[in-house]
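K.L.:
Predicted model follows, preceded by the sequence.
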Amino acid sequence: MTAPAGRPRPQAPALDLGALIEDRETRIVVCCGAGGVGKTTTSAALALAAAEAGRSVVVLTIDPARRLAQSLGLTELDNEPRRVDVPGAAGELHAMMLDMKRTFDDIVAAHSTPERAQAILDNPFYQTLSSSFSGTQEYMAMEKLGQLRASDQWDLIIVDTPPSRSALDFLDAPNRMSRFLDGTMIRLLMAPSRAGFKFASAGFLLFSRIVSKILGGQLLRDISAFVAALDTMFGGFRERATATYELLRRPGTSFVVVASPEPDALREASYFVDRLSADEMPLAGLVVNRTHPPATAALSATRAAAAAEEVLEAGGPDAPLAAAALRVHAERMTLAAREQHLADRFTSAHPEVAVRTVPAAAGDVHDLDGLRTMAAALTGADADTPTGTPRTRILPARRS
Amino acid sequence: MSPSPSSARLHVVTGKGGTGKTTVAAALALALAADGRTVLLVETEGRQGIAQLFDTAPLPYEERRVAVARGGGEVKALAIDVEEALLEYLDMFYNLRRAGRALRKMGAIDFATAIAPGLRDVLITGKIKEAVTRRQDGRPVYDAVVVDAPPTGRITRFLGVTGEMSQLARSGPIKTQSDGVMAVLKSPQTAVHLVTILEDMPVQETADAIDELHKAGLPIGSVIVNLVTEPVLPPDGLARAAGDGLTGADLAPALAAAHLPADGGIADALAAQTVEHARRWMAQDALRHDVEALGRPTVELPLLTGPMDLGSLFELAGRLEEHLLAADVAA
């Protein structure tokens, strides 16, 4: 059979994460992607690899699985980095888990007088906003990243992003904050708590009518008091939000997009890649996590299925087992082909994006050894695999 | 019309990312629509996953038929757009649609949907409650409403958000509206179903979510174990491969009959994969005890090979229908 003539499939460039984290110029690595693809584990594994490569690294995790958190020594939620004991590492590994309410409280405390801070902390609207509204997590993750970077205590920061509705929420958070702070809305919200009709435009009258009608006067008063109390810190807020956003665009920052070999996760990865390039943010590449490469690619799915029948026909005590082993292989080849097809589709749309595939671990990664295995798969040389299939791929490229 | 397979009318489907909750929600909608019923399938996360599943153009903010079920039943789908929901809300309750446009200009919509993201959840749950309670000619418009809800990590907050709002707004229309939504969500006509797969983290998250939902007084429905595989190995082979392991030499004699390519390593590779398969399957099987310990009615849905199409959705729907009937009888 001859392959149909046409353009050869684009081959994804190899993603060299080992070089990325060893490079002293790399100061921030942001791992992002859809929920459930292994962002947290990827972040932790990269951080471990960096520490073993001699860097002083801190990994900011958002919502680690309990056992992974324990293995990193994150038993306390104190919102501060803790050193993780990594025997034999040339560098240092620190890990922290984001406490969004506490981060918010700290900002409030740092930017107002004690009385004012107390007024904000006691405000019912603030209490709800800071602890239970989704979206706050994104702002606070960005805030914490800014703080960690400003402290200049680590030469590499690896950030895991929140399990958002969309991976883009993380990127949008600081901008939204600035847009909000520059908007008419904020002045309107402050107005009721100020004397006079300074802002009593037609718009305001309409607005206050609607707001008090819908929200009820008491909630409006809470919100107004909250916004007014925050007034003094707004400048700081906006500056920080803008600074953190700019930080993400500076050389020294790299984004690693994580996806599983599933249509939804790769679609999300695609959006994210487009968005990063639109915002001129530096993308290191795509990690396709939890792939299922076969232990040998020398036997096709069809051939293996046929062989299973031959083995059964020939009979013998171990024939059922051997036939099952062949069927396991046939299934594995089919799965790997599907995963490779999905990865190829991504590469067709984004031929410039470097790719690294990471095989699924046998069980959950929940200790340093598991992280080390994953780190090796993430940072090892591209061609260094038992079957010789480069780590850019799941199956070898078809010879034409 | 035969009785509905479930006494609940609002089915909220949640699960950890990657467990296939959108697919399960769609299959559940098909199951509930059988025998001439009308079901609304609601998307809350703006990803257009439902449109992709039913292979239709992206859904507008409009209830639109996406599938026909047995006996003239139909599934309509709605992707909730938060801005539109807010404008509709203003219009419906305050006759303020035009004012809403003005608010948008002033950045108030940005505020409502972005800066106070909890309001997003308030609007979505409000819209869901409206669909559940909507009546025409003296009977409900929808026999059931199925929600493709946020993931397990956010579900209690998502469903409880109007409760938070009603605490914030101690009086006024928001208070009344929030109380109405919570009354529906906490009533026996609601069931929150949890989708999991047989892996440690999703099962653990399911247990955590059940705890949280229980504490929040939200009614819990079934646990749906998705993407379940059957072992390829015969039982004795499974135990052998998972136990002491298997080498290429063990398989080589039987494999000889198939005249496989001579380049070495195939037998070893097959043995290694077989051991991995067996161990993975045994680990998954062990998790069934943890799922059972959750103490909820449970159904398993198979991992279907090939792309997910309408035929596969109906296959999953059939299993869900049987399960709901059995679970309702048991309850």
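P.N.:
Arrived safely, thanks for sending.
K.L.:
helices and strands around the helix or strand harbouring A:Phe346, which ones?
P.N.:
Taking DSSP states H and E as the definition, A:Phe346 sits inside helix A:319-349. Judged by 3 or more C-beta pairs under 8 Å, 6 or more residues apart in numbering or on different chains; DSSP states H and E, helix A:319-349 is in contact with helix A:263-278, strand A:283-291, helix A:301-314, strand A:355-359, helix B:235-242, helix B:248-255, helix B:266-293. Heads up, the C-betas are built off the backbone N, CA and C, glycines and all.
K.L.:
can you pull the buried residues of it?
P.N.:
Neighbour counts over helix A:319-349 (16 or more other C-beta atoms under 10 Å in any protein chain shown) mark A:319-336, A:338-340, A:342-344, A:346-347 as buried.
K.L.:
ok so, going back, out of the helices and strands packed on helix A:319-349, nearest to B:Asp55?
P.N.:
Each of the helices and strands packed on helix A:319-349 was scored for nearness to B:Asp55 using C-beta to C-beta, and the closest is helix A:263-278 (12.5 Å).
K.L.:
For the residue nearest to B:Leu313 when sequence neighbours are not counted, which three-state class applies?
P.N.:
Distances taken as C-beta to C-beta, 6 or more residues apart in numbering or on different chains put B:Ala27 closest to B:Leu313, at 5.1 Å, once the chain neighbours are dropped. Classification of B:Ala27 by DSSP: H, G, I helix; E, B strand; the rest coil places it in helix.
K.L.:
A:Asp364 contacts B:Leu198, doesn't it?
P.N.:
No. In this structure A:Asp364 lies outside contact range of B:Leu198 using C-beta atoms under 8 Å: 11.9 Å.
K.L.:
before we move on, the earlier item: select, out of the helices and strands packed on helix A:319-349, the one closest to B:Ile80.
P.N.:
Evaluated over the helices and strands packed on helix A:319-349, closeness to B:Ile80 peaks at helix A:263-278, with 18.5 Å, by C-beta to C-beta.
K.L.:
And the contacts of the closest one?
P.N.:
Under the criterion C-beta atoms under 8 Å, 6 or more residues apart in numbering or on different chains, residues A:32-34, A:36-37, A:166-168, A:171, A:255, A:257-259, A:282-283, A:286, A:288, A:342-343, A:345-346, A:349-350, A:353, B:18, B:22, B:47, B:49, B:52 lie in contact with helix A:263-278.
K.L.:
Selection in ChimeraX covering whichever of the residues you listed are buried, please.
P.N.:
Filtering those down to the buried ones (16+ other C-beta under 10 Å) takes a single ChimeraX command:
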select /A:32,33,34,36,37,166,167,168,171,255,257,258,259,282,283,286,288,342,343,346,350,353 /B:18,22,47,49
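K.L.:
Who are the contact partners of A:Ala44?
P.N.:
With contacts taken as C-beta under 8 Å, 6+ apart, A:Ala44 has the following neighbours: A:59, A:61, A:64, A:68, A:72, A:95, A:160, A:371.
K.L.:
any idea how far A:Ala50 is from it?
P.N.:
Spatial separation of A:Ala44 from A:Ala50 under the definition C-beta to C-beta, to the nearest Å is 11 Å.
K.L.:
any idea how far A:Met281 lies from A:Ile158?
P.N.:
Note on A:Met281: its distance to A:Ile158, by C-beta to C-beta, is 16 Å.
K.L.:
More neighbours: those two, which one.
P.N.:
Each of A:Met281 and A:Ile158 had its neighbours counted (other C-beta atoms under 10 Å in any protein chain shown), and the higher figure belongs to A:Ile158 (29 against 18).
K.L.:
Tell me where the stretch 51-200 of chain B has helices.
P.N.:
In order along the chain, the stretch 51-200 of chain B carries the following helices (DSSP state H, counting those that start in this stretch): B:82-94, B:97-105, B:108-110, B:118-133, B:152-168, B:173-185, B:200-215.
K.L.:
Mean pLDDT added to these, as JSON lines?
P.N.:
Shown next, in JSON lines, are these (pLDDT from 0 to 100):
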{"stretch": "helix B:82-94", "mean pLDDT": "74"}
{"stretch": "helix B:97-105", "mean pLDDT": "67"}
{"stretch": "helix B:108-110", "mean pLDDT": "63"}
{"stretch": "helix B:118-133", "mean pLDDT": "86"}
{"stretch": "helix B:152-168", "mean pLDDT": "80"}
{"stretch": "helix B:173-185", "mean pLDDT": "83"}
{"stretch": "helix B:200-215", "mean pLDDT": "93"}
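K.L.:
and of these, who's closest to B:Ala272?
P.N.:
Within these, the stretch nearest B:Ala272 is helix B:200-215; the backing value is 22.8 Å (C-beta to C-beta).
K.L.:
Give me the angle between the helix or strand following the closest one and helix B:266-293.
P.N.:
Using DSSP H and E, the helix or strand that follows helix B:200-215 in sequence is strand B:220-228. Between the axis of strand B:220-228 and that of helix B:266-293 there is an angle of 170 degrees, by axes from the mean of the first three to the mean of the last three C-alpha atoms, to 10 degrees.
K.L.:
Any idea what the residue nearest to B:Tyr142 when sequence neighbours are not counted is bridged to?
P.N.:
Nearest residue to B:Tyr142, sequence neighbours excluded (C-beta to C-beta, 6+ apart): B:Leu40, at 4.7 Å. Going by DSSP bridges, B:Leu40 is paired in beta bridges with B:Lys76, B:Val145.
K.L.:
So what's the residue count around B:Leu40?
P.N.:
25.
K.L.:
How about B:Gly71?
P.N.:
Every residue meeting other C-beta under 10 Å relative to B:Gly71 is counted, giving 12.
K.L.:
got the domain boundaries for the chain?
P.N.:
Chain wasn't specified; assuming chain A. Listed domain ranges for chain A are A:17-181+A:233-294+A:337-379, A:301-331 (source: automatic domain parsing).
K.L.:
meant chain B actually
P.N.:
According to automatic domain parsing, the domains of chain B span B:10-229+B:303-323, B:235-275.
K.L.:
Let me know which of those domains is tucked in deepest.
P.N.:
Highest mean neighbour count of the domains of chain B: domain B:10-229+B:303-323, a mean of 20 (counted as mean count of other C-beta atoms under 10 Å in any protein chain shown).
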